[in-house]
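Engineer: structure for the following, please:
(one chain, ligands or ions: 1)
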Amino acid sequence: MSTHCFACKESNVLTDEHVIPQALGGRLKAKLYCKICNENFGKDIDAEIANQFGNIATILKIKRERGKLQPFEVEDIDKKINLVFDGEGFTRKDPIVEIEIEPDSKTLKSANITARSKKELEKRIKDIQRRYQVQRDIKTFQEVHPGPTDTKYEITIDNTLIRRAVAKIAYSLFCIKVPKEVVFESAFDEVREYFKDGSGPDLACANFIHTRFMSDYIRPLHKIHIALNRQRKVVVGYVSLFGIYRFTVLLSGKHASQLEWADLDYTFDPVRRKEVFGNERFRAPNIAKEDILHPKQSKVFVQQELNRGQKLIESYVDNYEFLGTELSRPTS
Ligand SMILES: [Zn+2]
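Structural biologist: As a prediction, the model looks like this:
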């Protein structure tokens, strides 16, 4: 069936789109965008959001529809080495190769290689055998990283690609919930152009101060909330990923609506893989247009909120263990 793509507006066959990327455990799908748009999103904005926030999905061992959990790099604070965590175990990020050569410069005296995989190790050994005379057999063994007690990793919480990805998340839910003729109004052209091509000023922003209603600080919920302020002609999208990373999106600053709609909401528990209902108590604050894109929030405040989010993830993993489910803590 051919119809109009909600991004480029061209008449085309539409493909399935995950409203929240499936790399983050998103399950809600709809035919919204054409193949060309979908592929472009996959390459840049969806890839960026998977890169930056996919590690939380890995920590929570979220079952994806397809594809593997995103491995990510952590630093073992004790040993000062970089490890990669893939949801199952830790492996060394960089190989170590230390070789000692006899004075004849042809014979290998000793070699100490730590590789990240058997395949890599075999390749390194072959390289050495090709270049040097090797006197003895080479013995290999598997190094096991028990999992560091203390790790750290860095993520980016706000950049242009993330902002565009988040704008698409809010807009995609809007497309599902609101009649097509409303979505295709010119009042929403700017946001379409923005997440599609990155043109125009930024229309989304990391916002921790006006989005506290988006998290219950107990569960790592994904949540999208869309609110209309009819007097101000403003349509605001609120997006919360894992209850931690939170954003506001200006979907439109000039939507003249005849009707008052109920706030549109979608809440999803990516660990239990279930939609969460009955969140009436979540009420969006009435925020000024300039606060949507320029929230007044101090760095200290943002850090506090991020720490709270980190604790949420950790305690959720603990509780899950306590309940005797499959989910286990990566560091134990
Ligand atoms: Zn398209």
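
Engineer: so what's the closest residue to the ion within the stretch 101-250 of the chain closest to, chain neighbours aside?
Structural biologist: Distance from the ion to each residue of the stretch 101-250 of the chain (CB to the ion) is smallest for residue 196, at 7.8 Å. Heads up, the C-betas are built off the backbone N, CA and C, glycines and all. Distance criterion CB to CB, 6 or more residues apart in numbering; nearest residue to residue 196, sequence neighbours excluded, is residue 7 at 4.9 Å.

Engineer: hmm, back to that, tell me, how many residues neighbour the residue of the stretch 101-250 of the chain closest to the ion?
Structural biologist: When neighbours are counted by other CB atoms under 10 Å, residue 196 registers 21.

Engineer: C-alpha coordinates for the helix or strand hosting it, CSV please?
Structural biologist: Using DSSP states H and E, residue 196 sits in helix 189-197. Backbone C-alpha positions of helix 189-197 (Å, rounded to 0.1, in the frame of the first residue of the first chain) are rendered in CSV as follows:
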residue,chain,number,x,y,z
ASP,A,189,6.8,21.4,8.6
GLU,A,190,9.6,22.8,10.6
VAL,A,191,9.9,19.9,13.0
ARG,A,192,9.8,17.5,10.0
GLU,A,193,12.6,19.3,8.2
TYR,A,194,14.5,19.5,11.4
PHE,A,195,14.7,15.8,12.2
LYS,A,196,14.9,14.7,8.6
ASP,A,197,17.7,17.0,7.4
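
Engineer: chain center to it, what's the gap?
Structural biologist: Between the centre of helix 189-197 and the centre of its chain there are 21 Å (CA atoms, centre = their mean, to the nearest Å).

Engineer: what of stretch 263-273?
Structural biologist: 15 Å.

Engineer: can you give me the buried ones in it?
Structural biologist: With burial defined by 16 or more other CB atoms under 10 Å, the residues of stretch 263-273 counted as buried are 264, 265, 266, 267, 268, 269, 270, 271.

Engineer: the closest residue to residue 102 other than its chain neighbours: neighbour count?
Structural biologist: If the residues on either side of it in the chain are set aside, residue 102 comes closest to residue 109, at 5.1 Å by CB to CB, 6+ apart. By the other CB under 10 Å criterion, the neighbourhood of residue 109 contains 11 residues.

Engineer: residue 109 is in what secondary structure piece?
Structural biologist: In this assignment (DSSP H and E), residue 109 forms part of strand 107-114.

Engineer: the ion contacts on this structure?
Structural biologist: Counting by CB under 5 Å from the ion, the residues of the chain close to the ion are 5, 7, 8, 34, 37.

Engineer: count of residues packed around residue 275?
Structural biologist: For residue 275, the tally of surrounding residues (other CB under 10 Å) stands at 12.

Engineer: can we start the residue count at 25 from this point?
Structural biologist: Sure thing, new numbering starts at 25, so read that last one as residue 299.

Engineer: beta partners for it?
Structural biologist: Taking DSSP bridges, one finds residue 292 as the beta-bridge partners of residue 299.

Engineer: touching, it and residue 292? I think so.
Structural biologist: Yes. Under the criterion of CB atoms under 8 Å, residue 299 lies in contact with residue 292, with a separation of 5.4 Å.

Engineer: got any residues that touch both of those two?
Structural biologist: Listed contacts common to residue 299 and residue 292 are residue 52; contacts here mean CB atoms under 8 Å, 6 or more residues apart in numbering.

Engineer: same question for stretch 257-265, mean pLDDT?
Structural biologist: When pLDDT is averaged along stretch 257-265, the result is 95.

Engineer: my bad, stretch 319-328
Structural biologist: 91.

Engineer: kindly report the same for stretch 41-52.
Structural biologist: 94.

Engineer: what lies in contact with it?
Structural biologist: 53-57, 62, 70, 73-74, 77-78, 80-81, 84, 86-91, 94, 189, 193, 196-197, 200, 246, 248, 265-266, 290, 292, 294-295, 297, 299.

Engineer: of those, buried ones?
Structural biologist: The neighbour count (16+ other CB under 10 Å) marks 53, 56-57, 62, 70, 73-74, 77-78, 80-81, 84, 86, 88, 94, 189, 193, 196-197, 200, 246, 248, 265-266, 290, 292, 294-295 as buried among those.
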